[in-house]
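Participant: Next one to model:
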Amino acid sequence: MPTLKVTDLHVSVSDEETKATKEILKGVNLTMNTGETHAIMGPNGTGKSTLSETIMGNPKYLVTQGDITLDGVSLLGKPVDERARAGLFLAMQYPAEIKGITNLEFMRAAVNATRPAEDPIPIRTFLKDLDRNLEVLNMSDDMTERYLNEGFSGGEKKRNEILQLMTIKPTFAILDEIDSGLDIDALQVVAKGVNQMASPDFGVLMITHYQRLLNYIHPDQVHVMMGGKIVKTGDATLANELESTGYAGLRDELGLEVNLVDEDVPAGNGGK
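Facilitator: Numbering: from 1, shown residues only. All right, here's what the predicted structure looks like:
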């Protein structure tokens, strides 16, 4: 069973203006296997997006201590594309617009990047699978011929991220606030696509502020981050507790002194 493991992870970033270095993650520990759904919740500025970008290999983030392993093999030092070929996928909070490359071209290239060069996916097989995924997500065929995310609404971008997820079929997917800005109808469609992926060979890590996403994608474990660490882990009922007590209530319960105003450094676009 494939395992993604984060051990005592400390991560710092440099402010682009002042060049001062700031530690964001301060000892994160997390283990997840395929067949599992994990959710990370927490207020702004606690390092949730930093964690996702660091796992995916965004070079803006400097690992100063700890490790990230996939099946026991360290990912540190490996570039984004190598991590993607190893089976990681990041659905970004702010997907990039890329003019000149169509969705279809991008997804076919991404699928083939995970296969031996001498064995590209047959075009008919690829298109058949793509058509099924479009139907699940209620997306029209012309979306595949549009340039990647160019001119897309926020909801279309998020839905397009899930289309890529379903087509590429990674081992582990990290969904960074995939529910941000979505109305209920769009959220249900996105959740339908993620749930369609559920299998013993697939694991998902969801990052969210709100419990509502977990009404549609049910987590096996919920982790709460504060001050750059995971401070509490529980089952799905933990999200319901947060909904009633808030993060301030949990902070008081645990006796934590955490600055809840400080924001993460913008994570950028990372990669898949």
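Participant: contacting residues for Arg108?
Facilitator: By C-beta atoms under 8 Å, 6 or more residues apart in numbering, the contact set of Arg108 is Ile121, Ile123, Phe126. To be clear about C-beta, it is placed using only N, CA and C from the backbone, and glycine gets the same treatment.
Participant: element containing Leu250?
Facilitator: Element membership for Leu250, per DSSP states H and E: helix 237-254.
Participant: Flag every buried residue along that helix.
Facilitator: Neighbour-count burial for helix 237-254, counted by 16 or more other C-beta atoms under 10 Å, picks out Leu238, Ala239, Glu241, Leu242, Tyr247, Leu250, Arg251.
Participant: check contacts around Leu256.
Facilitator: Met226, Gly227, Val231.
Participant: hang on, His47 packs against Val28?
Facilitator: Slight slip there: residue 47 is Gly, not His. Yes: Gly47 lies in contact with Val28 (C-beta atoms under 8 Å); the separation is 7.3 Å.
Participant: Overlap in contacts, these two.
Facilitator: Shared contacts of Gly47 and Val28 (C-beta under 8 Å, 6+ apart): Met225, Gly228.
Participant: picking up where we left off before, nearest to Ile217, of the buried residues of helix 237-254?
Facilitator: Ala239 (11.2 Å; C-beta to C-beta).
Participant: can you pull the contacts of the closest one?
Facilitator: Ala39, Met41, Gln211, Leu214, Pro219, Val222 are the contacts of Ala239 under C-beta under 8 Å, 6+ apart.
Participant: Mark which of these are part of strands, please.
Facilitator: Counted as lying in strands by DSSP state E, out of the contacts of Ala239, are Ala39, Met41, Val222.
Participant: So what pairs up with the second one in the strands?
Facilitator: According to DSSP bridges, the partner residues bridging Met41 are Val224.
Participant: quick one, what contacts it?
Facilitator: Counting by C-beta under 8 Å, 6+ apart, Met41 has contacts Lys48, Ile207, Thr208, His209, Gln211, Val222, His223, Val224, Met225, Ala239, Leu242.
Participant: all helices for the stretch 151-272 of the chain, in order.
Facilitator: 154-168, 184-196, 237-254 (DSSP state H, counting those that start in this stretch).
Participant: Mind putting these into JSON lines with distance to Arg132?
Facilitator: Shown next, in JSON lines, are those (distance: least, C-beta to C-beta, whole Å):
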{"stretch": "helix 154-168", "distance to Arg132": "8"}
{"stretch": "helix 184-196", "distance to Arg132": "9"}
{"stretch": "helix 237-254", "distance to Arg132": "31"}
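Participant: closest to Ala20 out of those helices?
Facilitator: Nearest to Ala20 among the helices of the stretch 151-272 of the chain is helix 237-254 (26.3 Å), distances taken as C-beta to C-beta.
Participant: Pull out the buried positions in stretch 8-27.
Facilitator: Neighbour-count burial for stretch 8-27 flags Leu9, His10, Val11, Ser12, Val13, Ile24, Leu25 (criterion: 16+ other C-beta under 10 Å).
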